[in-house]
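Enquirer: Need the 3D shape of this:
(one chain, ligands or ions: 2)
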Amino acid sequence: MKAMRLVAEGRGLEAMSVDFPPLSPSSALVKVAAAGVCHSDLHLISGSYDLGDGRKLSATGGGAVLPLTPGHEIAGSIESLGAGSESSGLKEGDPVVVYPWIGCGRCRRCALGRENQCEGAQRFLGFMQDGGYAEYVFVPNVRYLVNAEGIGAPQAATLACAGITALSSLRKCQLQPLDLVLLIGAGGVGSTAVQIAKKTTKARVAVADLDDWRLEQASKLGADYVFNTSKIDAKDLATQLKRVNDGRGADAVIDYVGTPRTASLGLRLLGHEGRLVLVGLVGGGMALPLPVLPILGAEILGNFTGTLAQLNEMVALVRSGQVAPLVSRSYPLEEANVVLERLARGEIAGRAVLVP
Ligand SMILES: [Zn+2]
Ligand SMILES: [Zn+2]
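Expert: Ligands and ions are numbered 1, 2, ... in the order given. Model (predicted):
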């Protein structure tokens, strides 16, 4: 079968022909209909995350063996099932979205159903095991397949990373009715988060971004307040947030960008007992004004993707029409390198998906 594979870090993907992996009990082979192209793929290909001060963090914790097929946002149909998968209720031909954040299955996080935070030998598809930039993907256990009936494959694919990241990061804010949450970055994940917040909480949603067109889109999706941070400085933004929040800072801020500038801004805008959730992985380091955290009783949390249960929840939210998935544009699988380059230049709106 055809696959676009990473052969050496820092280089473009190569078109290769790979053998079908043998099916083992309870496993599944999925025929890929769409594979989302995510910013994390850029980190995987470059090999690292930027920690600031010239320091780097390996993108796979040393767990990847090259060549590797990237792609962790995968939707398609079940091609074949291993023995013992009958109890799953799924059958060959069913449309599915794949949960790619597969853990070791033995550590405490995995036992708690939070495999995306596995502290053992992670088996994330598209990072440590072959992913969806291919005609077929091997899934070690049928339990990682979620029935995606009624949702188009390009839309379903984006739920496995962008969708559950939006849901999980919002949950971490523990929003109460009338709370004010500020979302920094109105790209694909941020705009999904606007919809989830408006449909599943009674909180008010503010959005900050550098682009007016993204802010207009956020308003259409239900954002209560939008701020263009290329036109307003941090001090004025803090004043405006307090004006709409009874004199308090934001009850929660989610940073979907993840630069020193956005994280510092988020911290500065927090009110008492506010939560700053860091999601974006653009990278860098920041100086922390230490007394601010104890005085505000504030918290800083991180969020990396979401759980299998949250993927099921996202599929249900989309199927019920409460949340519209990212706007997607499809490209042939062979154009993976072109799409990745365009993503790196910030030229992709919504989510691009590769179609084998
Ligand atoms: Zn991703
Ligand atoms: Zn684990």
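Enquirer: doesn't Leu66 fall inside a helix?
Expert: No - Leu66 is assigned coil when assessed by DSSP: H, G, I helix; E, B strand; the rest coil, not a helix.
Enquirer: how close does it sit to Thr192?
Expert: Applying CB to CB, to the nearest Å, the value for Leu66 to Thr192 is 32 Å. For glycine as for every other residue, the C-beta is placed from the backbone atoms N, C-alpha and C.
Enquirer: which of the two has more neighbours?
Expert: Thr192 (29 against 10; other CB atoms under 10 Å).
Enquirer: so how far is the helix or strand harbouring Ile295 from its chain's centroid?
Expert: Taking DSSP states H and E as the criterion, Ile295 maps to helix 292-296. Centroid separation for helix 292-296 versus its chain: 29 Å, with CA atoms, centre = their mean, to the nearest Å.
Enquirer: any idea of the mean pLDDT in that helix?
Expert: Helix 292-296 comes out with an average pLDDT of 95.
Enquirer: The helix or strand following that helix pairs with which strands, and in what direction?
Expert: Next helix or strand after helix 292-296 toward the C-terminus (DSSP H and E): strand 299-302. Strand 299-302 has the following strand partners under DSSP bridges: strand 270-278 (parallel).
Enquirer: Just the buried positions in the partner strand, please.
Expert: Of the residues in strand 270-278, those with enough neighbours to count as buried (16 or more other CB atoms under 10 Å) are Leu270, Gly271, Gly274, Arg275, Leu276, Val277, Leu278.
Enquirer: name the element Leu44 belongs to?
Expert: Counting by DSSP H and E, the element that carries Leu44 is helix 39-46.
Enquirer: What segments of this protein are helices?
Expert: 39-46, 108-111, 153-158, 164-172, 188-200, 212-220, 234-244, 260-269, 292-296, 308-319, 336-344 (DSSP state H).
Enquirer: Let me know which of these is tucked in deepest.
Expert: helix 153-158 (a mean of 28; mean count of other CB atoms under 10 Å).
Enquirer: How far does that helix sit from its chain's centre?
Expert: 13 Å.
Enquirer: Contacts made by it with the rest, please.
Expert: 33-36, 73-76, 95, 97, 132, 148, 188, 315, 318, 325-326, 328, 330, 351, 353, 355 (CB atoms under 8 Å, 6 or more residues apart in numbering).
Enquirer: need the helices of the chain in a markdown table with distance to Asp251, can you?
Expert: Formatted as a markdown table, the helices of the chain follow (distance: least, CB to CB, whole Å):
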| stretch | distance to Asp251 |
| --- | --- |
| helix 39-46 | 27 |
| helix 108-111 | 28 |
| helix 153-158 | 28 |
| helix 164-172 | 12 |
| helix 188-200 | 12 |
| helix 212-220 | 18 |
| helix 234-244 | 10 |
| helix 260-269 | 10 |
| helix 292-296 | 11 |
| helix 308-319 | 22 |
| helix 336-344 | 32 |
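Enquirer: who touches Leu178 in this structure?
Expert: Lys202, Ala203, Arg204.
Enquirer: Would you mind confirming that the second one is in contact with Leu175?
Expert: Yes - applying CB atoms under 8 Å, one finds Ala203 in contact with Leu175, separated by 4.0 Å.
Enquirer: Quickly list what's touching both of those two.
Expert: Val181, Ala197, Asp251.
Enquirer: For stretch 166-183, give the mean pLDDT please.
Expert: 98.
Enquirer: next one: stretch 132-145
Expert: For stretch 132-145, mean pLDDT rounds to 97.
Enquirer: For Val181, see how far away Leu241 is.
Expert: 11 Å.
Enquirer: can you pull the contacts of Val355?
Expert: Ala33, Ala34, Ala35, Pro154, Ser330, Tyr331, Pro332, Leu333.
Enquirer: What about Leu68, how many residues nearby?
Expert: For Leu68, using other CB under 10 Å, the count is 22.
Enquirer: Do I have it right that it meets Ala134?
Expert: No - applying CB under 8 Å as the test, Leu68 and Ala134 come out as separate, 10.9 Å apart.
Enquirer: Walking through the stretch 51-200 of the chain, point out its strands one by one.
Expert: For the stretch 51-200 of the chain, applying DSSP state E, counting those that start in this stretch gives strands covering 55-58, 73-81, 95-98, 136-139, 145-147, 180-184.
Enquirer: now these as CSV including mean neighbour count and distance to Gly10?
Expert: Shown next, in CSV, are these (neighbours: other CB atoms under 10 Å; distance: least, CB to CB, whole Å):
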stretch, mean neighbour count, distance to Gly10
strand 55-58, 12, 12
strand 73-81, 23, 23
strand 95-98, 26, 27
strand 136-139, 24, 24
strand 145-147, 21, 33
strand 180-184, 27, 29
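Enquirer: Ok, which of the ones you listed comes nearest Arg171?
Expert: strand 180-184 (11.6 Å; CB to CB).
Enquirer: Parallel or antiparallel, which strands does the closest one pair with?
Expert: strand 204-209 (parallel), strand 250-255 (parallel).
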